[in-house]
Structure formats: C-alpha cells, structure tokens
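**Student:** Show me the folded form of this:
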Amino acid sequence: MKVLVTGAAGYLGRAVVQALRAAGHEPIAMVRDVGSGEIPGAAQIRVAELSDPVALRDAVSGVGAVCHLAGLGRARESVDDPLPFFRVNTGGTVALLEAMAREGVPRIVFASTGAIYGSPQRQPMDEGTPDAPPHSYASSKLAAEFAVEAQARAGAIGAVVVRLMNVAGGADPETTRLIPRVLAASAGESVLHINGDGTAVRDYLHVRDAAAAFVAGVEQCPAPGVSVRYIIGSGCGTSILDVVAAVERVTGRPVRRVHGPAAPEPARLIGDPGKALVELGWAPAHSGLNEIVSDTWRAVSAD
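**Tutor:** Numbers count the residues shown, from 1 in each chain. Take a look at the predicted model:
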C-alpha cells in the first residue's frame, strides 16, 4: 500500500518510513522543504506544509493511508506560548483531514501522546483513564484527536489513534531528553541534574517499537466510520536511577550527577499496552532498558 508519512524527516518519522518499507509497503515521505535530506526507505519524497492546502492535496494524492506524525512537540514551550501548538497540531491535522477528504484517502494513523492523561493516581494508565491534559501541547493533541474521531464518525475515514509514551533509543536528536542527558554525563560532557531522589518512574518505548505500532495501525485500520484509540508503551516502569545504572552498566563509565530539590511532577506514569497487544497484534519487542540505552549509545558514538 502507498502510505504517506507526515513528519518523515523527524526522529520517529524516519523510523516509521523504514518500518513500512520493511513490511512491504510503499512509504511516501512528506517533508517541509527539499533540504530535509535523504529519507532511507522512502519510495518518494513530497514537499508540503500543513498550512498549505494545495500542497497537502498533492501530497496525499494517490495514497491508501496516512501516518500523521508532523507537529510541534516541546511540552514545556507550550505552557508559555500555546497558540503555535494549536495552529500546527490541531489546525494542521484539520487541514490534512480536509485534503484527505478531497482526495478520497480512507485511512489515518494519528500520532498522539500519553501526556493527555495528565497525572492520574491509578497506574498503569489504560484507554479508560480520564483525559486531563496538563499543558497546551497535550491539549492541542487531544483537540486533534477530536477532529480525527469526528471525521471518522462522519464516515469519511477509518482511524487509529496511538497515544505514545516516552519514545527513546537509536539516534535521538533531542538532547534534553533523559537518556541522551545521562549518556552525555557519562561521557564527561556535562553533569546530570536530578530533581529530588531520582525515583520518578516513566514508561520508555524504543523508537523501533513505536514505528512498528504505526505499521500495525495501517494494516489493522478499521473501515470508514470507525476510530480506535490505543496506548503504545512498554508497560514497564523505569526510574531516573534505573536509567543512570543502565548507562553506567552499558558504557562502563560513571555518571556524574547532582541532586536538587524535588520538582512538582508525578511519581509514576506507565502505560498499559494490553489493548494494542490484543487488537493490533503489536508488542514492544525492543523496549528493554538495556537495549534502549545500548542503541542510543551506539548512535551517539557513531556521530
């Protein structure tokens, strides 16, 4: 199947393109400009902005499905400057849905976020956990989900919404995320600053497993009229200190760190991927902490 991947030049987008190709599909990479470089595995590259309806129609023309990953993702920035997140994440998704409707594209797999659940007391979180977006990034993604689901109810598309946990592993370009920061500290490039005692627990998902979920979503996408939502995570909790220990184990180097005051953040955030395991036939095959850390270290060392 021809599958358009928006945000194909990004960290996860590149992995999705490669996973689709490996599964026998024909991935079409949508990028913002011609300077995005080669996208390994892409059968074709199409240039379009979410804000350009004409270019979007050209981008979706002739495809059987869309994996929509393009958007803004820095949650902390969304607190002080929320409107760009709604313009791109929500408005851009609406523009894409309009282009799909005009070109008769019947399937979408939408990249959303587990951050929409906020900080619920009951862990792990599942699809029945109430939505409580804690910042504008999560709110903009939830609003985009509403648009996708409404378009599905109208009969225009079948939709799979994947709420991703913390994607990690491989060539992660975001140096502010925990695992790249810990690896930088182990290399002597910085000191790791930890808020509190380091026992805050998160759910880390290997980028290859996240990409595989998009392939499963394309292949199991329901018929027009139906939308389904899944949590995509490892189902395992990993603390900051667990990550530090794994980095020291993998690299053989100590991690220089200092502890500061505890921050007002949830103690545990873990996703339950059980529904995806049963309905999508997907499983997190590469999301063990050692594998995530080892893959990231290899990518960093290769630079």
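**Student:** So which residues of this structure form helices?
**Tutor:** Ranges of helices in the chain, per DSSP state H, are 11-22, 53-60, 75-80, 83-85, 92-103, 136-153, 178-186, 207-219, 240-251, 274-279, 289-302.
**Student:** out of those helices, nearest to Asn195?
**Tutor:** When these are compared by CB to CB, helix 240-251 sits nearest Asn195, at 8.5 Å. C-beta here means a position set from N, CA and C on the backbone, and glycine is covered the same way.
**Student:** what angle separates the closest one from helix 289-302?
**Tutor:** Helix 240-251 and helix 289-302 are oriented at 60 degrees to each other (axes from the mean of the first three to the mean of the last three CA atoms, to 10 degrees).
**Student:** how about the closest residue to Ser294 other than its chain neighbours, what does it touch?
**Tutor:** Spatially, and ignoring its direct neighbours in sequence, Ser294 is nearest to Val250 (5.2 Å; CB to CB, 6 or more residues apart in numbering). With contacts defined as CB atoms under 8 Å, 6 or more residues apart in numbering, Val250 is in contact with 290, 293-294, 297.
**Student:** Against Leu183, how distant is Val250?
**Tutor:** Distance of Val250 to Leu183, given as CB to CB, to the nearest Å: 9 Å.
**Student:** ok so, going back, next, format the helices of the chain as TSV and append mean pLDDT.
**Tutor:** Converted to TSV, the helices of the chain look like this (pLDDT from 0 to 100):
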stretch	mean pLDDT
helix 11-22	98
helix 53-60	97
helix 75-80	87
helix 83-85	96
helix 92-103	98
helix 136-153	98
helix 178-186	95
helix 207-219	98
helix 240-251	96
helix 274-279	98
helix 289-302	92
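**Student:** Please render the ones you listed as JSON lines that adds distance to Ile232 to the earlier fields.
**Tutor:** Compiled in JSON lines, those are given as follows (distance: least, CB to CB, whole Å):
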{"stretch": "helix 11-22", "distance to Ile232": "11"}
{"stretch": "helix 53-60", "distance to Ile232": "24"}
{"stretch": "helix 75-80", "distance to Ile232": "18"}
{"stretch": "helix 83-85", "distance to Ile232": "21"}
{"stretch": "helix 92-103", "distance to Ile232": "18"}
{"stretch": "helix 136-153", "distance to Ile232": "14"}
{"stretch": "helix 178-186", "distance to Ile232": "18"}
{"stretch": "helix 207-219", "distance to Ile232": "5"}
{"stretch": "helix 240-251", "distance to Ile232": "20"}
{"stretch": "helix 274-279", "distance to Ile232": "6"}
{"stretch": "helix 289-302", "distance to Ile232": "15"}
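**Student:** Of those, which is nearest Met165?
**Tutor:** The nearest among those, by CB to CB, is helix 207-219 at 8.7 Å.
**Student:** tilt between the closest one and helix 289-302?
**Tutor:** Interaxial angle of helix 207-219 relative to helix 289-302 (the same axes, to 10 degrees): 110 degrees.
**Student:** contacts for helix 207-219?
**Tutor:** Contacting residues not belonging to helix 207-219 are listed as 1, 3, 11-12, 15-16, 18-20, 23, 25, 65, 67, 107, 109, 111, 160, 162, 164, 167-170, 172, 230, 232, 234, 276, 280-287 [CB under 8 Å, 6+ apart].
**Student:** Filter these down to just the buried residues.
**Tutor:** 3, 11-12, 15-16, 18-20, 23, 25, 65, 67, 107, 109, 111, 160, 162, 164, 167-170, 172, 230, 232, 234, 276, 280, 282-284, 286-287 (16 or more other CB atoms under 10 Å).
**Student:** Not counting sequence-adjacent ones, nearest residue to Ser36?
**Tutor:** Ala9 is the one closest to Ser36 (CB to CB, 6+ apart), at 3.9 Å.
**Student:** what do Val250 and Leu183 both touch?
**Tutor:** Counting by CB under 8 Å, 6+ apart, the shared contacts of Val250 and Leu183 are 293, 297.
**Student:** can you tell me which of the helices of the chain comes nearest to Gly37?
**Tutor:** Judged by CB to CB, the one of the helices of the chain that comes nearest to Gly37 is helix 11-22, at 10.0 Å.
**Student:** what sits against the closest residue to Gly237 other than its chain neighbours?
**Tutor:** In space, Gly237 comes closest to Val201 once its chain neighbours are excluded; the distance is 4.1 Å by CB to CB, 6+ apart. Each residue near Val201 by CB under 8 Å, 6+ apart is listed here: 237-239, 267-270.
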